[in-house]
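Here's a sequence, model it:
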Amino acid sequence: MKTRLTLDSPVMPADVALRLSTRGWLQRCAWASGMGFSLLAGSAVAAPFGSAQYFQSRGVTPANPGAPVPTARVDPVTGVTVATPQQALIRANRSIANLSRAAEALASTQAAQTAARQLALIAPSDVPNGLAPGGLQVAASAMNQLSTCAATNTCAWQNANLPVQTSTGAQTTVTVQQTAKKAILTWDSFNIGRETTLNFDQRAGTQADGSNDWIALNRVGANASPSRILGQIKADGSVYLINPNGVIFGGSSQVNVNSLLVSSLPLYLTTRQNTLRPGDDPVYLAESNRLFLETGLTSTSTGTANGNILGLNSG
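Sure, this is the predicted structure:
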């Protein structure tokens, strides 16, 4: 069975009619939609897509690379602006070139980082490994604190066991096992030697989906030197490191934690505090401990600077 079809289109006079079989009409509709070819006035069939006649009808000969690139046009069937094959090729080549340059830059950066790390691994180092004076040294106040310190928020070491050191060959591992969601740790010096891994064991806080919101707050005494991290820090959750004299990460350092916060500013700045460096003031530390254990870094309670975490917005 054949059907008489009259196409009334802006690109085709109304008096031009096509006699198409139902199957042929569907095929031509598919070609028109997929390739964006148009019916020219006075012609029932356009040149096949990609043929020499196709390019010639658009002013471009495939064998002539210097010919002008035709501009995009609006598909008469879908109304969508479509690019010509030449435009698509130009854009694809440009994208490939950009991707190639980005990959080369990334590879160059990675090579430079690797080279710098290799040099740092063989450079002389005066930072002791493991638990030692000048290395990782627990604060004397933590070793001598009262058993009732938790009630007054004056603990220098809370919700974690004291560190344990193990060695395998030249590698030293110092493990701090955390026993609650938020731990407070105080150090007289916090330096990690090149062959040392400081591991915060927070596995007890790992959830079924792999998330872990446990936090280990590490404070370094105000009289200590800047912390030097030449080895590794590992944790299942988060690690906060506060040293009022600063923190330096060497080229051999590695950090593998859920999140890391490092600052030389105090954790909180209360409205009664007029300095960003309260040092080891026991009143400030007790208030800071309370806020950390009760509310974390979102404290806006009475007596605080309402969001002035790490001294931000103070002045």
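
Give me the pLDDT value at the closest residue to residue 220 other than its chain neighbours.
Leaving aside its chain neighbours, residue 220 sits nearest to residue 243 (3.9 Å; criterion: C-beta to C-beta, 6 or more residues apart in numbering). All C-beta spots, glycine's among them, are computed from the backbone N, C-alpha and C. Model confidence at residue 243, given as pLDDT, is 94.

Check residue 202 too.
pLDDT for residue 202: 97.

go on, residue 183?
As predicted, residue 183 sits at a pLDDT of 97.

quick one: contacts for it?
For residue 183, the contact set (C-beta atoms under 8 Å, 6 or more residues apart in numbering) comprises 158-160, 176, 214-217.

Toward the C-terminus, what is the element adjacent to the top strand by length along the chain?
Secondary structure of the chain per DSSP state E: the longest strand is strand 182-190. Following strand 182-190 in sequence order, the next helix or strand is strand 196-201 (DSSP states H and E).

now do the same end-to-end measure for stretch 233-240.
End-to-end distance for stretch 233-240, by C-alpha to C-alpha, to the nearest Å: 11 Å.

what about it, average pLDDT?
Here the average pLDDT along stretch 233-240 is 96.

Now do it: everything it contacts.
Contacts for stretch 233-240 (C-beta under 8 Å, 6+ apart): 192, 197-203, 205-206, 212-218, 253-262, 267.

ok, residue 191 - contacts?
By C-beta under 8 Å, 6+ apart, the contact list for residue 191 reads 127-128, 134-136, 225, 227-230.

Of those residues - the most surrounded one?
Within the contacts of residue 191, most neighbours by other C-beta atoms under 10 Å means residue 136, with 27 neighbours.

For that residue, give the beta-bridge partners.
On the basis of DSSP bridges, residue 136 is bridged to residue 131, residue 190.

picking up where we left off before, now, which of the contacts of residue 191 sits nearest residue 145?
Ranked by distance to residue 145 (C-beta to C-beta), the contacts of residue 191 are led by residue 136 at 18.3 Å.
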